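Visitor: Sequence and computational prediction follow.
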Amino acid sequence: MNYEAVIGLEIHAELLTSSKIFCGCATAFGAPPNTQVCEVCLGMPGSLPVLNRRAVEFALKMALATGCRVNPESVFARKNYFYPDLPKGYQISQYEQPLAEHGHLDIRVNGGVKRIGITRIHMEEDAGKLIHSEHRPVSFVDFNRTGVPLIEIVSEPDLRTPEEAVEYFKGLRNILLYLEICDGNMEEGSLRCDANISLRPVGRAEFGTKAELKNMNSFRFVRQALEYEIKRQRALLDAGKEIIQETRLWDAAQGQTVSMRGKEEAHDYRYFPDPDLVPVKIADAWLASLRQGLPELPAARSRRFRDQYGLPEYDAEVLTGDKALADYFEACVKEFPQPKQVSNWIMVELLRELKKEEAGLAACRITPEALARLLTLVEKGTISASQAKKVFEEMWAGGQDPEAIVKEKGLEQISDTGALEAAAQEIIKAHPKEVADFKAGKTKVMGFFVGQLMRQTKGQANPQLANEIFRRLLQK
């Protein structure tokens with residue numbers, strides 16, 4: 001039987017506030033364990049939470065950026081469950097009355113656009129972190145992360161393939177980065193993804209039994225976990241077995257999902273409004289001010305790159321798919337106003353080096369101003385395009401200025417017409433057969449002559465000028 005996957009994602013994004021959502025403790029990553037805690041985030045008796053206004057502001061920005069309807073009143077609730085990393089025995093979250101609902105994100109699929117619905121965006125506090133000993137059967141808990149503000153972005157079950165899920169996840173991460181409300185660091189846990197996935201026969205409207213997948217901290221793992229789970233569920237259905245509703249972990253080392261626990265339902269958490277927190281009411285004036293202050297978002301920036309710089313759609317999508325990369329491009333174009341050339345160098349040379357190192361743009365050792373100066377050297381004829389690639393590699397390795405590398409390596413292009421013409425005449429005299437071939441119409445032999453000149457000048461002859469000189473001399 002043919003099946004289709006039904007996938008929904010729950011994205012948890014830590015907000016870039018300097019303090020926690022209900023207390024004044026710091027949120028900086030990497031502090032010694034249990035040094036950024038207080039009686040409020042540890043749930044000590046008699047302590048009372050106070051809502052962080054900046055966290056609400058950041059959450060509202062994400063809601064507006066994804067076309068959500070912001071509810072005029074939302075309510076914090078207690079989500080009750082017992083786990084060692086949850087000091088209060090409950091998590092403060094939102095349930096029946098979330099901050100925002102009914103948004104969407106458009107993603108590109110197979111050359112077209114598909115709209116993925118966003119069910120809700122709600123605020124909540126993060127839990128602590130368990131650290132399991134490799135040497136003894138014990139675990140340690142670090143409560144520094146407890147109370148860090150989160151937004152959870154819950155999609156509609158509109159995704160059908162792992163590729164669509166990854167595109168949607170990437171799109172949300174990009175918006176978070178453009179808004180500067182989350183650092184998007186999946187390795188540190190500040191952006192996390194859970195997936196709900198089920199299979200159903202093609203053409204059937206009813207959903208199948210779903211499994212929830214956790215522990216996916218990269219786009220690659222999201223794709224691999226979903227691909228594995230689709231195969232696993234299909235094999236069970238083909239064998240006439242039932243799918244069990246459960247939570248499963250992605251084991252990257254084994255390349256498979258493994259059962260963690262039975263999947264909870266909402267009633268298992270016994271939600272009820274938190275009696276220590278009043279409802280959140282959003283003033284229209286505040287919302288209007290935030291809407292007006294939204295930055296240029298990825299889709300709009302991509303359109304502008306096509307219109308303002310004349311870039312192809314593919315180039316614009318790649319460059320604006322990462323805010324830092326788009327900023328880099330524009331800084332370079334400001335110094336070297338040849339957008340397509342800049343785009344080519346970034347997308348081919350720069351991204352290739354970053355891919356080798358499996359790093360983001362923060363690891364780039366070439367400033368946009370330095371790249372612009374390199375391209376200017378090519379435009380002026382100081383070095384050839386092939387030489388520029390060698391200079392780029394040197395710049396990447398050592399961070400030197402292009403001018404210094406050209407001088408140090410003696411790469412400056414020879415553009416002295418008199419010197420090149422004298423050398424060309426000697427080459428022509430030494431190769432009468434090739435001259436006869438050219439005059440007989442075999443114009444491809446031009447490459448031979450230019451190659452001889454490049455060899456004689458150790459690759460420093462201006463190739464364009466060399467072609468012009470040989471064409472003129474051979475046509476006499």
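Guide: Done, it's in.
Visitor: Please spell out which residues along the helix ranked longest in the chain are buried.
Guide: Taking DSSP state H as the criterion, the chain has its longest helix at helix 219-238. For helix 219-238, the buried set under the neighbour-count rule, 16 or more other C-beta atoms under 10 Å, comprises 219, 221-226, 228-230, 232-233, 237. Quick note: C-beta positions are derived from backbone N, CA and C, even for glycine.
Visitor: cool, and stretch 181-198?
Guide: So, applying 16+ other C-beta under 10 Å, buried residues of stretch 181-198: 181-184, 186, 190-198.
Visitor: What segments of the stretch 351-476 of the chain are helices?
Guide: 351-357, 368-379, 385-398, 402-409, 417-430, 432-439, 446-456, 463-474 (DSSP state H, counting those that start in this stretch).
Visitor: Quick one: these as TSV, columns for mean pLDDT too.
Guide: Formatted as TSV, the entries for the helices of the stretch 351-476 of the chain read as follows, by pLDDT from 0 to 100:
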stretch	mean pLDDT
helix 351-357	90
helix 368-379	94
helix 385-398	90
helix 402-409	85
helix 417-430	81
helix 432-439	83
helix 446-456	83
helix 463-474	80
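Visitor: Highest mean neighbour count out of these?
Guide: helix 368-379 (a mean of 20; mean count of other C-beta atoms under 10 Å).
Visitor: Quick one: residues in contact with that one.
Guide: Here helix 368-379 makes contact (C-beta atoms under 8 Å, 6 or more residues apart in numbering) with 328-329, 331-332, 334-336, 338, 341-342, 345-346, 350, 383-385, 388, 391-392, 395, 401-403, 406.
Visitor: same thing but 7 Å
Guide: Around helix 368-379, the neighbours that count as contacts under C-beta atoms under 7 Å, 6 or more residues apart in numbering are 328, 331-332, 335-336, 338, 341-342, 345, 383, 385, 388, 391-392, 395, 401-403, 406.
Visitor: relative orientation of that helix and helix 385-398 in degrees?
Guide: 160 degrees (axes from the mean of the first three to the mean of the last three C-alpha atoms, to 10 degrees).
Visitor: Can I get helix 368-379 in PDB, CA atoms only?
Guide: Extracted in PDB, the C-alpha atoms of helix 368-379 (Å, rounded to 0.1, in the frame of the first residue of the first chain):
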ATOM      1  CA  PRO A 368      33.600  41.900   3.000                       C
ATOM      2  CA  GLU A 369      35.800  45.000   2.500                       C
ATOM      3  CA  ALA A 370      38.800  42.700   1.800                       C
ATOM      4  CA  LEU A 371      36.900  40.600  -0.700                       C
ATOM      5  CA  ALA A 372      35.800  43.800  -2.400                       C
ATOM      6  CA  ARG A 373      39.400  44.900  -2.700                       C
ATOM      7  CA  LEU A 374      40.300  41.500  -4.200                       C
ATOM      8  CA  LEU A 375      37.600  41.800  -6.800                       C
ATOM      9  CA  THR A 376      38.800  45.400  -7.600                       C
ATOM     10  CA  LEU A 377      42.300  44.000  -8.300                       C
ATOM     11  CA  VAL A 378      40.700  41.700 -10.900                       C
ATOM     12  CA  GLU A 379      38.600  44.500 -12.400                       C
END
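Visitor: which other residues reach stretch 269-281?
Guide: Under C-beta under 7 Å, 6+ apart, the answer for stretch 269-281 is 48-49, 51, 56, 72-81, 92, 95.
Visitor: Next, give me the two most distant ones among those.
Guide: P72 and Y81 (29.7 Å; C-beta to C-beta).
Visitor: mind listing what the nearest residue to V70 once chain neighbours are set aside touches?
Guide: Nearest non-adjacent residue to V70, counting by C-beta to C-beta, 6 or more residues apart in numbering: A100, 4.8 Å away. Listed by C-beta under 7 Å, 6+ apart, the contact partners of A100 are 63, 68-71, 120-121.
Visitor: One more pass at 8 Å, please.
Guide: A100 touches 59-60, 63, 68-71, 120-122, counting by C-beta under 8 Å, 6+ apart.
Visitor: Just list whatever residues bridge to it.
Guide: Taking DSSP bridges as the rule, A100 bridges to V70, I121.
Visitor: Next: L191.
Guide: A13.
Visitor: Stretch 427-443: end-to-end distance?
Guide: End-to-end distance of stretch 427-443: 16 Å, with C-alpha to C-alpha, to the nearest Å as the criterion.
Visitor: cool, stretch 198-209 as well?
Guide: This stretch, stretch 198-209, spans 6 Å end to end (C-alpha to C-alpha).
Visitor: From the rest of the structure, what touches that stretch?
Guide: 1-6, 157, 210-211, 230, 233-234, 237, 242-245.
Visitor: now, which of these lie within strands?
Guide: Assigned to strands by DSSP state E, the following of the contacts of stretch 198-209 qualify: 3-6, 211.
Visitor: and the two most separated of the residues you listed?
Guide: E4 and A211 (15.7 Å).
Visitor: Between those two, which is the more surrounded one?
Guide: Applying other C-beta atoms under 10 Å to E4 and A211 shows that A211 carries more neighbours, namely 22 against 16.
Visitor: Surely that one and Q245 touch.
Guide: Yes - using C-beta atoms under 8 Å, A211 is in contact with Q245, at 7.0 Å.
Visitor: which intervals of the protein have sub-threshold pLDDT?
Guide: 263-264, 266, 411, 413-416 (pLDDT under 70).
Visitor: try 50
Guide: Residue ranges of the chain with pLDDT under 50: none are present.
Visitor: and it, what are its domains?
Guide: Per automatic domain parsing, the structural domains of the chain span 3-289, 296-409, 417-474.
Visitor: burial count for the spatially closest residue to A326 that is not a sequence neighbour?
Guide: Of all residues not flanking A326 in the chain, T320 sits nearest, at 4.7 Å (C-beta to C-beta, 6+ apart). Using other C-beta under 10 Å, T320 has 25 other residues around it.
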